[in-house]
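Student: Mind folding the following:
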Amino acid sequence: MPLLPISLSNPPDPLPVLGRAIAGCSNHNSVGETLARDTLEKVMMEALSESKAKLSSVKAVCLGVSGVNHSKDQERIINWLRDIFPSNVKLYVRNDAVAALASGSMGKLHGCVLISGTGSIAYGCSEDGKDARAAGGGPVLGDWGSGYGIAAQALTAVVRAHDGRGPQTMLTDSILKHLCLSTPDELIGWTYADSSWARIAELVPKVVSCVVAGDEVANKILNDAVVELALTVKAVVQRLGLCGKDGCGQFPVVLVGGVLVVNESWDIGQKVVDCLMKTYPGAFLVRPKVEPAVGAALLACNFLMKEKGEE
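Tutor: This next block holds a predicted model:
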């Protein structure tokens, strides 16, 4: 969590990050309300401490938090913040996808962000203030363009090949070697030994390496992920009308997350945007210059300036 000064009407490059802190998961759906609250308070206080700033100097706080999906989530966390900060501090709580969008637009909410890391979600804002999201429900509810989705399909392909239900694939040797396992049968124990989705998603680079080596099974898995991620963005674009009445309106597509980072061998993010542009030629790719946490800090600044009428 970075801390920024509020006078950013014309933000310098690079941004003046005064303090930074890192903590664990703050999604109350995953870790419970008590641990989520403790984590948020800890990381904010550490950022303040590093910046040598006092609590009384804070003017606005914006949190981009995973698991904030409706107004009740926002109200709950704002109530936590009210117990921490003075009453004059402006408080804003949004889903972490909003902060990710702001990281590409430098605090202005317009366009669409696609996040694909362990999970996946698309979120967008129109110029008239409307917003929409698609996916983001986790692997059980179909985030198949995510790192978890890609890796889970790779593991399934290995098991199917071993059983004789599917074609042979380089994924078998690559994944078993990476996990220090001897046979595909051992994958069952490894897979269910830990319920962490992130642990599965860490196998994505092995899928990419097999694609580069010419494996057809791995290639299909990644191409299916590209299509799924493009569909996720399209759902948001259609609901918000970002493409304009003629379908050619320009709008940014901000790419965030480990699955979408630039890979010289097989750039999933670029392929998603290429797929999207077949339908919406006005879409253009944006790779953020700052992290989503800085995007949240920029939102705090911009929200505060807007309330003061200083846009």
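Student: alpha carbons only for contacts and neighbour counts from here, please
Tutor: Noted.
Student: middle-most residue in the protein, spatially?
Tutor: Nearest to the mean C-alpha position of the chain, counting by C-alpha atoms, centre = their mean, stands Ile115 at 3.6 Å.
Student: which residue packs closest to Ile268, ignoring adjacent ones?
Tutor: Nearest residue to Ile268, sequence neighbours excluded (C-alpha to C-alpha, 6 or more residues apart in numbering): Leu260, at 5.7 Å.
Student: give me every residue that touches that neighbour.
Tutor: 115-117, 267-269 (C-alpha atoms under 8 Å, 6 or more residues apart in numbering).
Student: which of those residues lies closest to Gly67?
Tutor: Nearest to Gly67, judged by C-alpha to C-alpha, of those is Ile115 at 14.2 Å.
Student: Report the separation between Ala283 and Asn223.
Tutor: 20 Å (C-alpha to C-alpha, to the nearest Å).
Student: quick one: which of the two has more around it?
Tutor: Set Ala283 next to Asn223 and count neighbours by other C-alpha atoms under 10 Å: Ala283 wins out with 23 against 15.
Student: and that one, how far is that from Phe303?
Tutor: In terms of C-alpha to C-alpha, Ala283 sits 26 Å off from Phe303.
Student: Packing partners of the host helix or strand of His178?
Tutor: Assigned by DSSP states H and E, His178 falls within helix 171-179. In terms of contacts (3 or more C-alpha pairs under 8 Å, 6 or more residues apart in numbering; DSSP states H and E), helix 171-179 is packed against helix 147-163, helix 204-212.
Student: Now the first one: average pLDDT?
Tutor: What helix 147-163 shows for mean pLDDT is 97.
Student: Show which residues not belonging to that helix make contact with it.
Tutor: 116-120, 139, 143-144, 166-169, 171-172, 184-185, 187, 197-198, 200-204, 207, 217-218, 221-222, 225, 258-259.
Student: okay, the angle between the host helix or strand of Ala122 and helix 147-163?
Tutor: For Ala122, the host element (DSSP H and E) is strand 120-125. Here strand 120-125 runs at an angle of 150 degrees relative to helix 147-163 (axes from the mean of the first three to the mean of the last three C-alpha atoms, to 10 degrees).
Student: Could you list every helix and strand in contact with strand 120-125?
Tutor: Partner elements for strand 120-125 (3+ C-alpha pairs under 8 Å, 6+ apart): helix 96-105, strand 111-116, strand 131-135, helix 216-240.
Student: For Ser56, which of the ones you listed is the nearest?
Tutor: That would be helix 96-105 among those, by C-alpha to C-alpha, at 24.2 Å.
Student: Neighbours of Arg76, how many?
Tutor: Counted with other C-alpha under 10 Å, Arg76 comes out at 14.
Student: Roughly how far does it sit from Arg94?
Tutor: 12 Å.
Student: and stretch 211-222, how far apart are its ends?
Tutor: Note: stretch 211-222 ends 8 Å apart using C-alpha to C-alpha.
Student: Same question for stretch 276-294.
Tutor: 27 Å.
Student: swap in stretch 173-190?
Tutor: 15 Å.
Student: how about that stretch: buried residues?
Tutor: For stretch 173-190, burial by neighbour count (16 or more other C-alpha atoms under 10 Å) applies to 173, 175-176, 184, 187.
Student: which of those residues lies closest to Gly64?
Tutor: Ile175 (34.2 Å).
Student: can you tell me which residues contact that closest one?
Tutor: Counted by C-alpha under 8 Å, 6+ apart, Ile175 has contacts 203, 206.
Student: For it, report the pLDDT, please.
Tutor: You'll see Ile175 listed with a pLDDT of 98.
Student: measure it to Pro184 for me?
Tutor: Taking C-alpha to C-alpha, one finds Ile175 at 9 Å from Pro184.
Student: now do Lys220
Tutor: 20 Å.
Student: got any ranges where this protein has weak pLDDT?
Tutor: 1-14, 262, 310-311 (pLDDT under 70).
Student: returning to that earlier point: just the buried residues of stretch 173-190 now: which is nearest Ala235?
Tutor: Distances from Ala235 to these, taken by C-alpha to C-alpha, are shortest for Ile175, at 33.5 Å.
Student: returning to that earlier point: thinking the residue nearest to the centre of the chain is in contact with Ala97, fair?
Tutor: Yes: between Ile115 and Ala97 there is a contact at 7.3 Å, judged by C-alpha atoms under 8 Å.
Student: What number of residues are in the vicinity of Val61?
Tutor: Neighbours around Val61, by other C-alpha under 10 Å: 23.
Student: give me every residue that touches Val204.
Tutor: Contacts of Val204 (C-alpha under 8 Å, 6+ apart): 147, 150-151, 259.
Student: how does it look with 7 Å?
Tutor: 147, 150-151 (C-alpha atoms under 7 Å, 6 or more residues apart in numbering).
Student: right, and the helix or strand after the helix holding His178?
Tutor: Immediately after helix 171-179, counting by DSSP H and E, sits helix 186-192.
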